[in-house]
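In: pasting the sequence and the predicted coordinates here, then a few questions.
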Amino acid sequence: MKTTLAAIAVAILAFAGVAATASAAPSPIAAYSLAAPTSVMKSGLIARAVVPAGSPCPSLVVDDRRIPMEQREAAPNTGAAFSGVMVCERPMPRGARQASVGGLQVPAAMPAQVKRIGIFDDSGCRILPSYATQNCADDRAWPLARISRRVADSNPDVVLVPGDFFYRETSCPATQQALCAGSPPPVGGMPFTDQAYGWIADALLPMQPVLRAAPLIVARGNHEACYRAGNGYMLFMDPRPNTWDDCAPVQAANGTLVAPEVVTPSYAVDLPVGTGRSLRMVITDTAEGSDTRVTAAAALMQPWFAHAQQLAAPARGRESWLISHRPLFGFISSLVAAPGTSPWSSADAVAASQGTLGNYRFIVSGHIHLAQGVQVPGQPGQLVLGNGGTELEPPTGYATPSFGPGTPPYPAPSWSWTLSEFGYAVATPGRRAGRWTLRLRDMDGRQQATCSVAGRQLGCTPSR
Ligand SMILES: [Fe+2]
Ligand SMILES: [Fe+2]
């Protein structure tokens with residue numbers, strides 16, 4: 001399938017046409033269900049629908065009952081960036097068996113028992129002057145649509161996407177029209193880079209198979225920092241009711257709008273695995289900060305890593321994973337190669353998380369655009385799955401990074417494995433508590449590796 005911008009434009013106009021002529025609510029541009037903390041949503045699930053602006057919110061149809069949805073507003077001071085669409089939402093009632101919005105089926109309930117968890121990350125089409133432009137019209141060069149279909153075909157009970165949805169951060173360069181012609185550009189004069197049509201092109205349309213398949217569990221990536229695509233993340237993706245305006249630009253003393261630096265609270269999503277056994281995913285916000293040096297963002301994140309640790313406190317039958325977009329034991333080849341620098345990525349998150357990782361069995365991250373397993377002695381194993389569609393990191397420079405005494409705070413990994421190839425993972429629980437198998441597959445569904453989690457240990461065996 002070719003995901004061309006022309007096709008997206010036709011689709012949007014078709015939906016808009018429905019809005020203009022029909023008296024009934026229009027078909028949504030996208031509809032989906034997001035896993036939310038049960039502290040704010042009893043069913044643990046919220047339904048969202050994105051419709052053309054100017055039309056009423058459609059109803060959420062649950063088991064033949066029509067329930068009104070309400071508008072989730074775009075943040076103030078975002079100008080025209082999101083004015084072309086309206087986002088509608090409604091907490092899913094408990095006990096729902098089937099749900100749809102405007103004829104689009106949406107996941108109706110959190111799973112009663114989790115057997116398969118689909119995972120992918122770092123998914124948008126890269127358009128940024130300092131990087132090579134990706135071919136957004138080729139589903140092998142930018143394979144998000146393909147990966148989304150593969151993940152949906154694996155019949156997941158939930159799908160975890162830990163951040164970096166949005167990569168269309170500039171206008172398509174004049175010299176690159178063959179790659180990204182027509183990609184929605186940022187709105188001028190705004191202290192951020194995203195807008196509604198960019199989100200439709202980069203996430204909502206190519207992810208449709210996954211949106212239909214299962215509830216999404218999401219985390220915020222650094223591409224969703226407030227000065228980048230944070231407003232769109234808070235509008236479309238963050239599941240909590242009170243986050244919609246967290247990234248609203250604020251007026252500086254000289255009258256200009258500036259993006260705030262915000263870290264949202266950590267929260268937990270519980271997934272029943274079997275009798276007396278559950279998996280708690282603790283979602284942390286590591287959108288802000290620097291990869292290479294410790295900044296003021298570390299102090300903003302630290303209290304939420306401490307809160308996350310409390311959420312992961314040991315409880316009978318419960319095993320906890322930390323979900324953090326930025327890895328805490330991840331390394332990038334450019335950092336590995338630079339003499340005198342630490343190989344560890346994500347300096348702020350690493351600093352903020354010090355001493356808070358004792359309650360986790362496993363960490364799932366993205367951020368580095370490849371698949372990477374790392375085991376640091378005394379710490380939970382960590383898997384990076386940042387190979388979900390955006391331009392990959394180069395495949396070289398990972399085998400022997402130098403973790404000397406000058407590279408605190410962690411000792412050298414006892415094991416690591418890196419694969420720079422597009423793909424996704426499906427996690428399945430083992431019979432014994434704490435055991436999981438993650439099968440990593442490429443965009444054609446071919447197995448790349450099998451990883452296993454046991455206790456706090458991770459290991460991966462390449463398939464070829
Ligand atoms: Fe990324
Ligand atoms: Fe990232």
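Out: Now that the structure is in, tell me what you want to look at. Numbering: from 1, shown residues only. Ligands and ions are numbered 1, 2, ... in the order given.
In: all contacts plus neighbour counts: C-alpha atoms, from now on.
Out: Noted.
In: now Ser148: which helix or strand?
Out: Using DSSP states H and E, Ser148 sits within helix 144-153.
In: what about that helix, distance to the chain center?
Out: Relative to the centre of its chain, helix 144-153 is centred 15 Å away, using CA atoms, centre = their mean, to the nearest Å.
In: who's in contact with the most centrally placed residue in the chain?
Out: Nearest to the mean C-alpha position of the chain, counting by CA atoms, centre = their mean, stands Gly163 at 2.7 Å. Contacts were defined as CA atoms under 8 Å, 6 or more residues apart in numbering; by that measure Gly163 touches Asp121, Asp122, Val218, Ala219, Arg220, Gly221, Asn222, His223, Glu224, His325, Gly366, His367.
In: the fifth one: what's its closest spatial neighbour, skipping adjacent residues?
Out: Nearest residue to Arg220, sequence neighbours excluded (CA to CA, 6 or more residues apart in numbering): Gly163, at 4.6 Å.
In: what about the residue of the chain found nearest ligand 2, distance to ligand 1?
Out: Scanning the chain for proximity to ligand 2 using CA to the ion identifies His367 as nearest, at 3.4 Å. Applying CA to the ion, to the nearest Å, the value for His367 to ligand 1 is 4 Å.
In: how many residues are close by that residue?
Out: Per other CA atoms under 10 Å, the neighbour tally for His367 reads 25.
In: same thing with the one 10 residues further on?
Out: Burial measure for Pro377: 15 neighbouring residues, criterion other CA under 10 Å.
In: which strand or helix spans it?
Out: Per DSSP H and E, Pro377 falls between elements, in no helix or strand.
In: likewise for the one 10 residues further on?
Out: Assigned by DSSP H and E, Asn387 belongs to neither a helix nor a strand.
In: still on that earlier bit, wait, is the residue nearest to Arg220 part of a helix?
Out: No. Read with DSSP: H, G, I helix; E, B strand; the rest coil, Gly163 is coil and lies in no helix.
In: stretch 184-198: which residues count as buried?
Out: Within stretch 184-198, the residues scored as buried using 16 or more other CA atoms under 10 Å are 184-187, 190-198.
In: are any of the contacts of Gly163 buried, and which?
Out: Applying 16+ other CA under 10 Å to these, the neighbour count classes Asp121, Asp122, Val218, Ala219, Arg220, Gly221, Asn222, His223, Glu224, His325, Gly366, His367 as buried.
In: could those go into a markdown table alongside pLDDT?
Out: Shown next, in a markdown table, are these (pLDDT from 0 to 100):
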| residue | pLDDT |
| --- | --- |
| Asp121 | 98 |
| Asp122 | 98 |
| Val218 | 98 |
| Ala219 | 98 |
| Arg220 | 98 |
| Gly221 | 98 |
| Asn222 | 98 |
| His223 | 98 |
| Glu224 | 98 |
| His325 | 98 |
| Gly366 | 98 |
| His367 | 98 |
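In: which of those residues lies closest to Gly232?
Out: Nearest to Gly232 out of the buried ones among the contacts of Gly163 is Glu224 (CA to CA; 7.8 Å).
In: now do the contacts for the closest one.
Out: By CA under 8 Å, 6+ apart, the contact list for Glu224 reads Gly163, Asp164, Phe165, Phe166, Gly230, Asn231, Gly232, Tyr233, Ala287.
In: near ligand 2, anything from whichever strand or helix holds Ile323?
Out: Ile323 is part of strand 318-324, with elements assigned from DSSP H and E. No. Under the criterion of CA under 5 Å from the ion, ligand 2 is not reached by strand 318-324; the shortest gap measures 10.1 Å.
In: would you map the helices across the stretch 151-300 of the chain?
Out: Secondary structure of the stretch 151-300 of the chain (DSSP state H, counting those that start in this stretch): helices at 177-180, 196-199, 208-213, 230-232, 297-311.
In: and among the ones you listed, the most buried is which?
Out: Among these, helix 230-232 has the highest mean neighbour count (mean count of other CA atoms under 10 Å), at a mean of 31.
In: contacts for that one?
Out: Contacts for helix 230-232 (CA under 8 Å, 6+ apart): 74-75, 78, 82, 192, 194-196, 199, 223-224, 244-248.
In: near ligand 2, anything from it?
Out: No. Figure legend: helix 230-232 not in contact with ligand 2 (CA under 5 Å from the ion); closest approach 12.8 Å.
In: quick one: that helix to chain centroid distance?
Out: Using CA atoms, centre = their mean, the offset of helix 230-232 from its chain centre is 13 Å.
In: rounded mean pLDDT for that helix, please.
Out: The pLDDT scores in helix 230-232 average 98.
In: low-confidence stretches in this protein?
Out: For the chain, the stretches with pLDDT under 70 are 1-26.
In: contact residues of it facing ligand 2?
Out: Within the chain, the residues that sit near ligand 2 (CA under 5 Å from the ion) are Asn222, His367.
In: what does the chain have sitting close to ligand 1?
Out: Residues of the chain lying near ligand 1 (CA under 5 Å from the ion): Asp122, Asp164, His367.
In: just put those residues in a markdown table and tack on distance to Ser402.
Out: Shown next, in a markdown table, are these (distance: CA to CA, whole Å):
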| residue | distance to Ser402 |
| --- | --- |
| Asp122 | 26 |
| Asp164 | 28 |
| His367 | 21 |
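In: which residues does the spatially closest residue to Pro265 that is not a sequence neighbour contact?
Out: Nearest residue to Pro265, sequence neighbours excluded (CA to CA, 6+ apart): Trp304, at 5.9 Å. Residues near Trp304 by CA under 8 Å, 6+ apart: Thr264, Pro265, Ser266, Thr284.
In: let's see that with 10 Å instead.
Out: When contacts are counted by CA atoms under 10 Å, 6 or more residues apart in numbering, Trp304 touches 263-267, 283-286, 310, 352-353, 356.
In: cool, and Cys460?
Out: 372-374, 383, 415-418, 437-440, 448-453.
In: change it to 7 Å
Out: Neighbour list for Cys460: Ala449, Thr450, Cys451, Ser452 [criterion: CA atoms under 7 Å, 6 or more residues apart in numbering].
In: in stretch 453-464, what counts as buried?
Out: Val453, Ala454, Gly455, Arg456, Gln457, Leu458, Gly459, Cys460.
In: for the stretch 351-464 of the chain, just list every one of the strands.
Out: According to DSSP state E, counting those that start in this stretch, the stretch 351-464 of the chain carries its strands in the segments 362-365, 371-375, 381-385, 415-419, 424-429, 436-441, 447-454, 457-462.
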